[in-house]
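>>> Show me the folded form of this:
(2 chains)
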Amino acid sequence: DSGVTQTPKHLITATGQRVTLRCSPRSGDLSVYWYQQSLDQGLQFLIQYYNGEERAKGNILERFSAQQFPDLHSELNLSSLELGDSALYFCASSVAGATNEKLFFGSGTQLSVL
Amino acid sequence: AQKITQTQPGMFVQEKEAVTLDCTYDTSDPSYGLFWYKQPSSGEMIFLIYQGSYDQQNATEGRYSLNFQKARKSANLVISASQLGDSAMYFCAMSPGSGNTGKLIFGQGTTLQVKP
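A predicted model of the protein is given here:
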């Protein structure tokens, strides 16, 4: 158990809908990362937050947004969903969000868009 | 741009034998970190081993060792005495040295199957 909690584990929805994925980092970790894993794109970095502020942005679509709250949990919002958004979405956390830190991953949310 | 390349989509190894999973990287940063993660069929990502670009010695963690060849920009993972539970997808990843971010850039992964 990595200590990173993601909910829900599975999510099935329809095209055009909006969903919210939730992540609680390990106790003491200030930084949260979101990744998308799909068969064709592999593991893609989406966005990183540190102590409530956005620190780095990757290949995140404009239809997607994220935030980190004062209690350090994070939410990833996916809107106007398309079939291609079906993927495994991981949250990870690290202590200070700095270079060369080990990332601890949650068990992921499997999103299926039908 | 930073990039990680894993050229072996799939590998087989006999139980109790050693296996090497290849990883090459590309970066112009002098300081960076290299990681290996394991993803079993259950889906979670498990940290295995870390090597810093300035570390003089190759990293080891139990049955895992990282064969770091800086001039060749390679960071191969060696698993000794393979076990059936080692069957999984293995990802090599790099932490860029610049940009004050802990994000990891991942390779495409190698699927390892351990045969009894």
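
>>> Please count neighbours and contacts with C-alpha atoms only from this point.
Fine.

>>> contacting residues for A:Ala14?
Listed by C-alpha atoms under 8 Å, 6 or more residues apart in numbering or on different chains, the contact set of A:Ala14 reads A:81, A:113-114.

>>> how about 10 Å then?
The neighbourhood of A:Ala14, defined by C-alpha atoms under 10 Å, 6 or more residues apart in numbering or on different chains, consists of A:80-83, A:112-114.

>>> which of those residues sit farthest apart?
By the measure C-alpha to C-alpha, the contacts of A:Ala14 have their two most distant members at A:Ser80 and A:Ser112, which lie 13.5 Å apart.

>>> out of the two, which sits in the busier spot?
More crowded of A:Ser80 and A:Ser112, by other C-alpha atoms under 10 Å in any protein chain shown: A:Ser112, with 19 against 13.

>>> on that earlier part again, make TSV out of the contacts of A:Ala14 and add distance to chain B, secondary structure and pLDDT.
TSV is the format used below for the contacts of A:Ala14 (distance: C-alpha to the nearest C-alpha, whole Å; DSSP: H, G, I helix; E, B strand; the rest coil; pLDDT from 0 to 100):
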residue	distance to chain B	secondary structure	pLDDT
A:Ser80	26	coil	97
A:Leu81	23	coil	98
A:Glu82	23	coil	97
A:Leu83	21	helix	96
A:Ser112	15	strand	97
A:Val113	19	strand	97
A:Leu114	21	coil	96
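
>>> can you list the residues of chain B near chain A?
B:31-35, B:37, B:42-53, B:91, B:94-109 (C-alpha under 10 Å from any C-alpha of the partner chain).
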